[in-house]
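Asks: pasted the sequence and its predicted model underneath.
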Amino acid sequence: MSGNGNGKLTDDQLLLKALQDGMPIHSRPFEVIAKKLKMTEGDVVKNIERLKKKGVIREVGVILQDGQPKKIQCMI
């Protein structure tokens, strides 16, 4: 990720990196990510939806093992 020209990553790039690093198994995983990125949970969800519409994110889903959440994965 190249950033915005001044060496810093954009909010979208930070969000994509957080999603690629693995989403937490938590009742509110987007809230956990939002706190790390100093955003609101609503902003994280809106940005994910926007990036999905643009085709940057293909899917966000849960991988189950024996009926229990094993991993939350984001396909970029």
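Replies: Perfect, I can see it now. Numbers count the residues shown, from 1 in each chain.
Asks: so the residue sitting nearest the centre point of the chain: helix, strand or coil?
Replies: Geometric centre of the chain, nearest residue: Leu19, 3.3 Å, by C-alpha atoms, centre = their mean. Judged by DSSP: H, G, I helix; E, B strand; the rest coil, the three-state class of Leu19 is helix.
Asks: just the pLDDT at it, thanks.
Replies: According to the prediction, Leu19 has pLDDT 89.
Asks: need the contact list for it.
Replies: Ile33, Ile48, Ile57, Val60, Cys74, Ile76 (C-beta atoms under 8 Å, 6 or more residues apart in numbering). For every residue, glycine as well, the C-beta is placed using N, CA and C.
Asks: next one: it from Leu51, what distance?
Replies: Using C-beta to C-beta, to the nearest Å, Leu19 is found at 9 Å from Leu51.
Asks: farthest residue from the center of this protein?
Replies: The centre of the chain is farthest from one residue, Asp66, which by C-alpha atoms, centre = their mean lies 24.7 Å away.
Asks: contacts for the biggest helix by length in the chain, please.
Replies: When the chain is parsed with DSSP state H, its longest helix is helix 41-53. Outside helix 41-53, the residues within contact range by C-beta under 8 Å, 6+ apart are 11-12, 15-16, 19, 28, 30-31, 33-34, 37, 39, 57-58, 60.
Asks: buried residues in it?
Replies: Val44, Asn47, Ile48, Leu51 (16 or more other C-beta atoms under 10 Å).
Asks: again with stretch 30-40
Replies: Those would be Phe30, Glu31, Val32, Ile33, Ala34, Leu37, Met39, for stretch 30-40 by 16+ other C-beta under 10 Å.
Asks: between those residues, which is nearest Met23?
Replies: Of all these, Ile33 has the smallest distance to Met23: 6.8 Å, by C-beta to C-beta.
Asks: neighbours around the nearest residue to the closest one once chain neighbours are set aside, how many?
Replies: Distances taken as C-beta to C-beta, 6 or more residues apart in numbering place Ala18 nearest to Ile33, at 5.0 Å, with adjacent residues excluded. If you count neighbours by other C-beta atoms under 10 Å, Ala18 ends up with 20.
Asks: residues touching Ala18, list them.
Replies: Under the criterion of C-beta under 8 Å, 6+ apart, the neighbours of Ala18 are Ile33, Lys36, Leu37.
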